[in-house]
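Enquirer: Predicted coordinates and the sequence they were generated for:
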Amino acid sequence: MRRPRLRTLAIGAAVGLVAVGGTGAGLELGHRQSGGTLTTRSAGATVAVARGRLAQAQELTGALGFGQPTTVTGHGEGTITWLPATETTVTRGHQVYRVDDRPVVLLYGALPLYRTLTSHPGAPGGGDSGDGADSGDSGDAAGSGTDQPPPVTPLLRGSDVDLVAANLAALGLYHGPTSEVTYSWPLTYAVERWQRALGEQPSGVIDPREVVVARGPIRVDGVTAHLGDDAQQPVLTVTSTAKKVTLQAPVALAGSIKVGHRVRVRLPDGRTVGARVESIGTAAGDGDGGPPSVPVVVRPVRAGALRRVALGPVTARVVTASVPDALHVPIAALVALAGGGYAVERSGGGLVRVTIGMVADGEVQVFGVSAGTRVVIAR
């Protein structure tokens, strides 16, 4: 009498949802119609039960580019008199654009300048005195009608002063400390030297409206203003000068991705490189009415991996769950039992009931059988 023929095992998209210790939801197997008895299959190819890492992964699409653009907005009154070309790279100490024929200059740092920096903070337009220490210089002894000397105005100190000092030191114009700096004559003199180099009158005063602060060199991604426009508006969009891979993750998946997460990226030239998640954005639509996605920026582990690669589309394999030390067999080794559950068939005959766990890449985690046991794979 012929044995019932087993249907082959099929895995759909839902298979990836089978959890460790699960009962096989998402596995589509033919059931024996043999009254629930454990019988064996006809002989076929065999494979040993393996031990190793199983990982579920999802493929994401994205692009190799320069990351998300940031808008540079002008502040203060004036007329835009010069704008850079798209794709221009601007480095520390150089002009980003010009207002009233005066340069708006790039400095590197983590925070924008927020007050006028001057060695005479008590003068009109000199800005807030900040948290600085006394300079010991009381200035002009204006008559007050009493015998008491006028109060001493502290010189400016703070993160913005340190930022200016660090930038001028990097430009070779300042040779003093760059931490907890006082905006006194050594730094003022360096500012004057810098202003002369820019073709400006050496005032020693830095107006925050004349400075753009970024974390490093910038690339002009787009120009939104026009010559003759008022300066108080968005002027440019800029990006980092370093190439970056930006993936688009479904909102449901993005919550399981963390900074530092490892991914494998297939570049436009066909090469595959390892990378780590650098930043995770916020959900946004694609502009065509499609479902929202979350931009995920990744950076290759090997420095310089993107240097000579042309911009273009990429794909990435993102591991969403894994078991580091799983016993597993090919899915085709499973036998669906008429009474429910699964088994594997030993190469010498006889079925062994197993519980299944994670399913990934055509393999399924099994419990109830030993590593190295040879089992039959269905034809």
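Expert: In hand now; what should we look at?
Enquirer: okay, and for the stretch 101-250 of the chain, where does confidence drop off?
Expert: 121-153 (pLDDT under 70).
Enquirer: any chance you could map the helices in it?
Expert: Taking DSSP state H, counting those that start in this stretch as the test, the helices found in the stretch 101-250 of the chain are 159-170, 185-197.
Enquirer: Any idea which of the ones you listed gets closest to residue 322?
Expert: For residue 322, the closest of the helices of the stretch 101-250 of the chain is helix 159-170, at 42.4 Å, according to CB to CB. Yep, even glycine has a C-beta here, placed from its N, CA and C like the rest.
Enquirer: Serialize the helices of the stretch 101-250 of the chain to CSV and add fields for mean neighbour count.
Expert: Below are these laid out as CSV (neighbours: other CB atoms under 10 Å):
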stretch, mean neighbour count
helix 159-170, 20
helix 185-197, 18
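Enquirer: so can I have JSON lines of those helices showing distance to residue 353?
Expert: Shown next, in JSON lines, are the helices of the stretch 101-250 of the chain (distance: least, CB to CB, whole Å):
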{"stretch": "helix 159-170", "distance to residue 353": "67"}
{"stretch": "helix 185-197", "distance to residue 353": "79"}
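Enquirer: Which of those helices sits closest to residue 242?
Expert: For the helices of the stretch 101-250 of the chain, proximity to residue 242 was assessed by CB to CB; helix 159-170 is nearest, at 18.4 Å.
Enquirer: can you give me the angle the closest one makes with helix 185-197?
Expert: Per axes from the mean of the first three to the mean of the last three CA atoms, to 10 degrees, the angle that helix 159-170 makes with helix 185-197 is 60 degrees.
Enquirer: Counting by contacts, list what helix 159-170 packs against.
Expert: With contacts taken as 3 or more CB pairs under 8 Å, 6 or more residues apart in numbering; DSSP states H and E, helix 159-170 sits against strand 102-108, helix 185-197.
Enquirer: residues in contact with it?
Expert: Contact partners of helix 159-170, identified using CB atoms under 8 Å, 6 or more residues apart in numbering, comprise 92-93, 107-109, 111, 113-115, 117, 174-183, 187, 190-191, 194, 206, 213.
Enquirer: now it against strand 102-108, angle please.
Expert: Computed by the same axes, to 10 degrees, the angle separating helix 159-170 from strand 102-108 equals 90 degrees.
Enquirer: Which of the contacts of helix 159-170 fall in strands?
Expert: Residues from the contacts of helix 159-170 lying in strands, with DSSP state E as the criterion: 107-108, 213.
Enquirer: Turn those residues into CSV, including neighbour count and distance to residue 233.
Expert: Listed next are these as CSV, based on neighbours: other CB atoms under 10 Å; distance: CB to CB, whole Å:
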residue, neighbour count, distance to residue 233
107, 20, 22
108, 17, 24
213, 17, 19
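Enquirer: residue contacts, the residue positioned nearest the centre of the chain?
Expert: In the chain, the residue lying closest to the centroid (CA atoms, centre = their mean) is residue 279, at 2.3 Å. Applying CB under 8 Å, 6+ apart to residue 279 gives the contacts 259, 296-297.
Enquirer: What of residue 204?
Expert: 118-119, 188-189, 191-192, 195.
Enquirer: Give me the nearest residue to it, chain neighbours excluded.
Expert: residue 188 (4.0 Å; CB to CB, 6 or more residues apart in numbering).
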